[in-house]
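Participant: Sequence unavailable; structure follows:
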DNA sequence: TTCTAACACGAATAATCATTCATTTTTTTA
DNA sequence: TAAAAAAATGAATGATTATTCGTGTTAGAA
């Protein structure tokens, strides 16, 4: 019961992803998730204690996937400045390919610290740290200015990408293509911080 | 009835700002707003049709204020690159000085297009456009690279600032001071886009 | 001062949903 | 195959709260 590799557990997560994305966490009905998953309402409570838990589990699952993928891709590149460019492209691609997930992370992640007082999204912090580490590495290799503060740099860069995806997630039509946006944003940042 | 300059109307907005900031829109009880405003529950419905309307009105009010203020401050500077720096500082100062408002804009603004299907936050778009216009001006004056796309640039810069404020709003202790963050972020951006 | 209409009140309403649990179905064990 | 355990069901519960509305209050007009 409640195994993560359980078939129904996965089904619920998948259904919740769809349903939360449609109208947000609060408007999502547990019964709708159940229906989408093709199971009874009560069954959800065999796998999750509360509605909140579904959202938390969903974050953990998706973020783990994203994080692993990004780590792997980044490690294929040795030049820190190139890593930054690749990060941007991959991040935006990810959004493109997982619209439902992106929508939830965009909208609900923001609230997480509000409606789940104690839940700290460690995975998200680790994601940010990927950027921080690249900046640190770049400084050590003399490619990035010494006065750049990684803790600020990582947030600025992530924020830039994130605002772009927010725009995409919330608007119907895609105005700029992924590659253009990734290239622009990483060029601002790379030119801005390099020695 | 329902005048915007009405005493009670303002009281409700002020109270709602506090209450929404505490636990988010959905967890906020109308009765709590009433209590905070020192009026009866029903009185709120003399001034607002629905709970949603309070949030919308709140956005409009605050954004108008912010927008006017920012416009004025920006116009005092003539150099576009300096304008960008000033924008950053002012934006972060604003967050600092209006924590409740910042918290709502950070968290609830994100949801607006979800729970209020038809509400489009024009004021926010105008705020973004302030940055877009500065970039455009900079290009025309030959200070900013011709290949910079204002529509991407404005979002990247805003996003960078916004992620920084999110960090502040959601965490207890302020790790970096306003001026440092503003200087860092605007320097990344200015160096990144200048000719 | 008396009347009236706008304003305000707050208890009662009514609808919404997360969650429970008695029952049934399926799977595992012996 | 029979008994026991686990999983699943979904109707019923119970708690929550936005909103209403019958009644009271106030401030200005006449």
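Facilitator: Received the coordinates, thanks. Quick caveat, the model's predicted, so the values are computed rather than measured.

Participant: For residue A:188, give me the pLDDT.
Facilitator: On the pLDDT scale, residue A:188 is placed at 96.

Participant: From the contact counts, what lies against the one helix or strand it maps to?
Facilitator: Secondary structure from DSSP states H and E places residue A:188 in helix A:178-193. Applying 3 or more CB pairs under 8 Å, 6 or more residues apart in numbering or on different chains; DSSP states H and E, we find helix A:178-193 packed against helix A:80-97, helix A:150-170, helix B:150-170, helix B:178-193. Backbone N, C-alpha and C define where each C-beta goes, glycine included.

Participant: So for DNA strand C, which of the ones you listed sits nearest?
Facilitator: helix A:150-170 (22.2 Å; CB to the nearest atom of the strand).

Participant: Does DNA strand D have contacts with the strand or helix carrying residue A:70?
Facilitator: Per DSSP H and E: residue A:70 is located in helix A:51-75. No. Using CB under 7 Å from any atom of the strand, we find that helix A:51-75 stays clear of DNA strand D, coming within 12.4 Å at best.

Participant: any idea how far that helix is from the chain center?
Facilitator: From the chain centre to the centre of helix A:51-75 is a distance of 7 Å (CA atoms, centre = their mean, to the nearest Å).

Participant: now that helix against helix A:80-97, angle please.
Facilitator: 140 degrees (axes from the mean of the first three to the mean of the last three CA atoms, to 10 degrees).

Participant: Helix A:51-75 near DNA strand C anywhere?
Facilitator: Yes. Judged by CB under 7 Å from any atom of the strand, helix A:51-75 comes into contact with DNA strand C through A:51, A:52.

Participant: For that helix, which residues meet the burial criterion?
Facilitator: Residues of helix A:51-75 classed as buried: A:51, A:54-55, A:57-63, A:66-67, A:70, A:74 (neighbour count, 16 or more other CB atoms under 10 Å in any protein chain shown).

Participant: Give the closest residue to residue A:14 in space, chain neighbours not counted.
Facilitator: residue A:37 (7.3 Å; CB to CB, 6 or more residues apart in numbering or on different chains).

Participant: what does chain A have sitting close to DNA strand D?
Facilitator: So chain A meets DNA strand D at A:1, A:8, A:39, A:40, A:41, A:42, A:43, A:45, A:46, A:47 (CB under 7 Å from any atom of the strand).

Participant: returning to that earlier point: okay if I get the helices and strands packed on helix A:178-193 as TSV plus distance to DNA strand C and mean neighbour count?
Facilitator: As requested, the helices and strands packed on helix A:178-193 are exported to TSV (distance: least, CB to the nearest atom of the strand, whole Å; neighbours: other CB atoms under 10 Å in any protein chain shown):
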stretch	distance to DNA strand C	mean neighbour count
helix A:80-97	27	20
helix A:150-170	22	23
helix B:150-170	24	24
helix B:178-193	38	22
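
Participant: of the ones you listed, which approaches residue A:31 most closely?
Facilitator: Ranking those by proximity to residue A:31 (CB to CB) places helix A:150-170 first, at 25.9 Å.

Participant: okay, the angle between the host helix or strand of residue A:126 and helix B:150-170?
Facilitator: According to DSSP H and E, residue A:126 maps onto helix A:122-140. Relative orientation of helix A:122-140 and helix B:150-170, computed by the same axes, to 10 degrees: 120 degrees.

Participant: ok, and what's touching helix A:122-140?
Facilitator: Helix A:122-140 is contacted from outside by A:59-60, A:63-64, A:66-67, A:70-71, A:74, A:80-81, A:83-84, A:87, A:109, A:144-146, A:148, A:150-151, A:153-155, A:157-158, A:193-194, using CB atoms under 8 Å, 6 or more residues apart in numbering or on different chains.

Participant: which ones are touching the residue in chain A positioned nearest to DNA strand D?
Facilitator: The nearest approach of chain A to DNA strand D comes at residue A:42, 1.7 Å away (CB to the nearest atom of the strand). Residue A:42 makes no contacts at all, as judged by CB under 8 Å, 6+ apart.

Participant: do the same with residue A:87
Facilitator: Residue A:87 touches A:70, A:74, A:130, A:131, A:134, A:157, A:186, counting by CB under 8 Å, 6+ apart.

Participant: Ok, residue A:141 next?
Facilitator: Contacts of residue A:141 (CB under 8 Å, 6+ apart): residue A:80.

Participant: Ramachandran angles for it?
Facilitator: The phi/psi pair for residue A:141 (degrees, to the nearest 10) reads phi -80, psi 0.

Participant: circling back to that earlier point, may I see the PyMOL selection of the buried members of the residues of chain A next to DNA strand D?
Facilitator: Burial among the residues of chain A next to DNA strand D is assessed by 16+ other CB under 10 Å; the matching PyMOL selection reads:
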select buried, chain A and resi 8+39+47
